[in-house]
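J.: Turn this into a model:
(2 chains)
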There are 2 protein chains.
Amino acid sequence: MEKITSAANPAVKRLKALSDAKGRKEHGAFLVEGEVMVREALASGLSPLEALFEAETPLSGELAGRGAFVRLCDRHILETVCDTRTPQGCCAAFTLPDGPAIPENASRLLALDGVQDPGNLGTILRTADAAGFEGAYLSPLCADVYSPKVQRAAMGSGFRVPALRCPLEETLTRLKAGGWQIVVSALDGLNLYENEKALKGDKLILVIGNEARGVSPGVQKLSDIRIKIPMRGKAESLNAAVAAGILMYELTKNFPC
Amino acid sequence: MEKITSAANPAVKRLKALSDAKGRKEHGAFLVEGEVMVREALASGLSPLEALFEAETPLSGELAGRGAFVRLCDRHILETVCDTRTPQGCCAAFTLPDGPAIPENASRLLALDGVQDPGNLGTILRTADAAGFEGAYLSPLCADVYSPKVQRAAMGSGFRVPALRCPLEETLTRLKAGGWQIVVSALDGLNLYENEKALKGDKLILVIGNEARGVSPGVQKLSDIRIKIPMRGKAESLNAAVAAGILMYELTKNFPC
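T.: From the prediction side, this is the model:
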């Protein structure tokens, strides 16, 4: 197996380029870091392109068997490529999925209206997977799902929950016409816990807004159900990922598990 | 007003030392960054010691009026002192509160059993404030409440929710003897949404475990109510702050708001 000894190696440069959205678009690939996440990506059916390993392992063999070009390298080279400070033994580039399909027969979807913090976005996808949400529409202002920080916070759920960037108002207008109800969290909304019936509908889309500005006025106008999470102390708001978690679980509380 | 021009100034060194737990203990103070947070700290009754401002503002006057030593400095000096990359105009050292009192007549408390990520800890305190939890007991393995990262994630709630470091098993044993019920989230627990009655008790303490290892065996043994948040997709767990948010709101859902 080829061993890379210099950080100037073209493979290192190529993998390093995947740390930003421009590089990912150019190469049609994104980087997955660490053994656990690489396994999750494989299990989710993603296609590996190339990989770096500190040492040969069963996983490096598996990637090679799936047609990926696997190279060995020293730890300091892995560290230049990876976003994590202490990368766990390997990283691999996978083909960017193009326009993941959101299931037609879904009953719970997310619409993320400018969720910009990568940690929040990843955490929201992780919670969506756990709660039983089946896909997410992302406005163009959201963080990039394929950035290493988002994928790390998503803990593998970023490979599983279909997430589609789209013009959000247009998409929601179309879905609304198709019978979906749009649920928006708003300060003038109904108390979440006093309006449980409204949240049992068949086809609900939960909108989560930007960390500072909330849901944009154009999307607010499309809302069918306006709810609010009670604020009892002096905190003025909740973290976006926490609010999303509380709301997603309320919207699926009667689902089997 | 004195203007500091060198990063070697003793005041700069003193404030910089507050970025780690050792420095905070030595000086009996912690650093609050940015105008909004400094106002929140003042409003919460904390005592300001000294402060740095890029320019004189009504707030710098207010701090001086409260007995703090206020100095001016250039932006690059503020940046060396602060943890935030783009500090908002000022920072101030406040006296560390000693052993904040947790109200005797509380009905909802947190026990944090090794919550180590500063972002998670801060976010949990922010949510506790919003949900109506009245205090938190922290095991010695938890992140330091007074670190800048925790305070930033807490968005001011870190000044308001009394958080007490203590030997957790001892404290919970004592509280249990005093009639408190201990609620632990566990994979073999009852479905959260099918056991709502159990969560209406008068005096409930919710335990949140370590990000990787969960609740420690010694604390598990003290539990009165074991619940689980349903996991429907392939995600194996939730982020600790999200799980804490879902559980805290379930435990206060019948509270007025």
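J.: Could you list every helix and strand that the longest strand along chain A packs against?
T.: Secondary structure of chain A per DSSP state E: the longest strand is strand A:181-191. The helices and strands touching strand A:181-191, judged by 3 or more Cβ pairs under 8 Å, 6 or more residues apart in numbering or on different chains; DSSP states H and E, are helix A:168-177, strand A:204-209, helix A:217-220, strand A:225-228, helix A:240-251. Where you see a C-beta, it was placed from the backbone N, CA and C, and this is true even at glycine.
J.: how about the ones you listed, which one is nearest chain B?
T.: Chain B sits nearest to helix A:240-251 of all those, at 3.8 Å, using Cβ to the nearest Cβ.
J.: Using PDB, write out every CA atom in the closest one.
T.: What follows is helix A:240-251 as a C-alpha-only set of coordinates in PDB (Å, rounded to 0.1, in the frame of the first residue of the first chain):
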ATOM      1  CA  ALA A 240     -32.100  26.500  18.000                       C
ATOM      2  CA  ALA A 241     -31.100  22.800  18.200                       C
ATOM      3  CA  VAL A 242     -32.800  22.400  21.700                       C
ATOM      4  CA  ALA A 243     -36.000  24.100  20.500                       C
ATOM      5  CA  ALA A 244     -36.000  21.900  17.400                       C
ATOM      6  CA  GLY A 245     -35.600  18.800  19.600                       C
ATOM      7  CA  ILE A 246     -38.400  19.700  21.900                       C
ATOM      8  CA  LEU A 247     -40.700  20.500  19.000                       C
ATOM      9  CA  MET A 248     -39.800  17.400  16.900                       C
ATOM     10  CA  TYR A 249     -40.500  15.100  19.800                       C
ATOM     11  CA  GLU A 250     -43.800  16.800  20.500                       C
ATOM     12  CA  LEU A 251     -44.800  16.300  16.800                       C
END
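J.: Tell me if that helix is near chain B.
T.: Yes. Contact of helix A:240-251 with chain B (Cβ under 8 Å from any Cβ of the partner chain) involves A:241, A:242, A:243, A:245, A:246, A:249.
J.: Tell me the buried residues in stretch A:180-188?
T.: A:180, A:181, A:182, A:183, A:184, A:185, A:186 (16 or more other Cβ atoms under 10 Å in any protein chain shown).
J.: before we move on, the earlier item: same list as before, the helices and strands packed on strand A:181-191 that is, but in TSV and with mean pLDDT and mean neighbour count included.
T.: Output for the helices and strands packed on strand A:181-191, formatted as TSV (pLDDT from 0 to 100; neighbours: other Cβ atoms under 10 Å in any protein chain shown):
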stretch	mean pLDDT	mean neighbour count
helix A:168-177	97	16
strand A:204-209	97	25
helix A:217-220	96	14
strand A:225-228	94	19
helix A:240-251	97	26
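J.: how about the ones you listed in JSON lines, adding distance to residue B:198?
T.: Below are the helices and strands packed on strand A:181-191 laid out as JSON lines (distance: least, Cβ to Cβ, whole Å):
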{"stretch": "helix A:168-177", "distance to residue B:198": "38"}
{"stretch": "strand A:204-209", "distance to residue B:198": "27"}
{"stretch": "helix A:217-220", "distance to residue B:198": "37"}
{"stretch": "strand A:225-228", "distance to residue B:198": "25"}
{"stretch": "helix A:240-251", "distance to residue B:198": "17"}
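J.: who wins for proximity to residue B:8 among those?
T.: helix A:240-251 (40.6 Å; Cβ to Cβ).
J.: now the closest one against strand A:181-191, angle please.
T.: 100 degrees (axes from the mean of the first three to the mean of the last three Cα atoms, to 10 degrees).
J.: what does helix A:240-251 contact?
T.: Residues external to helix A:240-251 that are found in contact with it (Cβ atoms under 8 Å, 6 or more residues apart in numbering or on different chains): A:108, A:110, A:115, A:117, A:119-120, A:123-124, A:127-128, A:131, A:133, A:183, A:185, A:192, A:196, A:199, A:204, A:206, A:208-211, A:227, A:229, A:237-238, B:123, B:126-127, B:229, B:238-239, B:241-243, B:245-246, B:249.
J.: Show me which residues of chain A sit near chain B.
T.: A:119, A:123, A:126-132, A:153, A:155-157, A:160-161, A:191, A:193, A:229-239, A:241-243, A:245-246, A:249, A:252-257.
J.: Any quick PyMOL command for the buried ones out of those residues?
T.: With 16+ other Cβ under 10 Å as the burial test, the buried ones among the residues of chain A next to chain B are selected in PyMOL as follows:
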select buried, chain A and resi 119+123+126+127+128+129+130+131+132+153+155+156+157+160+161+193+229+230+231+233+235+237+238+239+241+242+243+245+246+249+252+253+257
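J.: Might you specify the subset of the residues of chain A next to chain B located within strands?
T.: Going by DSSP E, the strands hold residue A:191 from those.
J.: Mind checking which of the residues of chain A next to chain B are in helices?
T.: Using DSSP state H, the subset of those located in helices is A:119, A:123, A:126-131, A:153, A:157, A:160, A:241-243, A:245-246, A:249.
J.: And the residue nearest to residue A:3 when sequence neighbours are not counted, how far from residue A:89?
T.: Spatial nearest neighbour of residue A:3, excluding adjacent residues (Cβ to Cβ, 6 or more residues apart in numbering or on different chains): residue A:72 at 4.3 Å. From residue A:72 over to residue A:89 the distance is 11 Å, taken as Cβ to Cβ, to the nearest Å.
J.: what residues are shared contacts of these two?
T.: A:53, A:54, A:55.
J.: Closest to chain B out of those residues?
T.: Out of those, the member with the shortest distance to chain B (by Cβ to the nearest Cβ) is residue A:54, at 22.0 Å.
J.: Residue A:4 reaches residue A:73, doesn't it?
T.: Yes. Residue A:4 is within contact range of residue A:73, at 4.3 Å (criterion: Cβ atoms under 8 Å).
J.: which of those two has more neighbours?
T.: Taking other Cβ atoms under 10 Å in any protein chain shown, residue A:4 and residue A:73 do not tie; residue A:73 has more neighbours (26 against 17).
J.: Isn't that one up against residue A:54?
T.: Yes. Here residue A:73 reaches residue A:54: they are 7.0 Å apart, a contact under Cβ under 8 Å.
J.: Residue A:132 and residue B:213, how far apart?
T.: Distance from residue A:132 to residue B:213, by Cβ to Cβ: 26 Å.
J.: Repeat that for residue A:206.
T.: 31 Å.
J.: Could you do residue A:17 as well?
T.: Residue A:17 is 36 Å from residue B:213, by Cβ to Cβ.
J.: who's more crowded, those two?
T.: More crowded of residue A:17 and residue B:213, by other Cβ under 10 Å: residue A:17, with 17 against 12.
J.: what's the neighbour count on the nearest residue to the more buried one once chain neighbours are set aside?
T.: The shortest distance from residue A:17 to any non-neighbouring residue, by Cβ to Cβ, 6+ apart, is to residue A:23 (3.3 Å). Neighbours of residue A:23 under the rule other Cβ under 10 Å: 17.
J.: Ok, residue A:103 next?
T.: With other Cβ under 10 Å as criterion, residue A:103 counts 10.
J.: count of neighbours near the closest residue to it other than its chain neighbours?
T.: In space, and not counting its chain neighbours, residue A:103 is closest to residue A:134: 5.3 Å by Cβ to Cβ, 6+ apart. Residues within reach of residue A:134, counting by other Cβ under 10 Å, total 17.
J.: Residue A:134: what's it in contact with?
T.: Contacts of residue A:134 (Cβ under 8 Å, 6+ apart): A:102, A:103, A:106, A:107, A:108, A:109, A:161, A:162.
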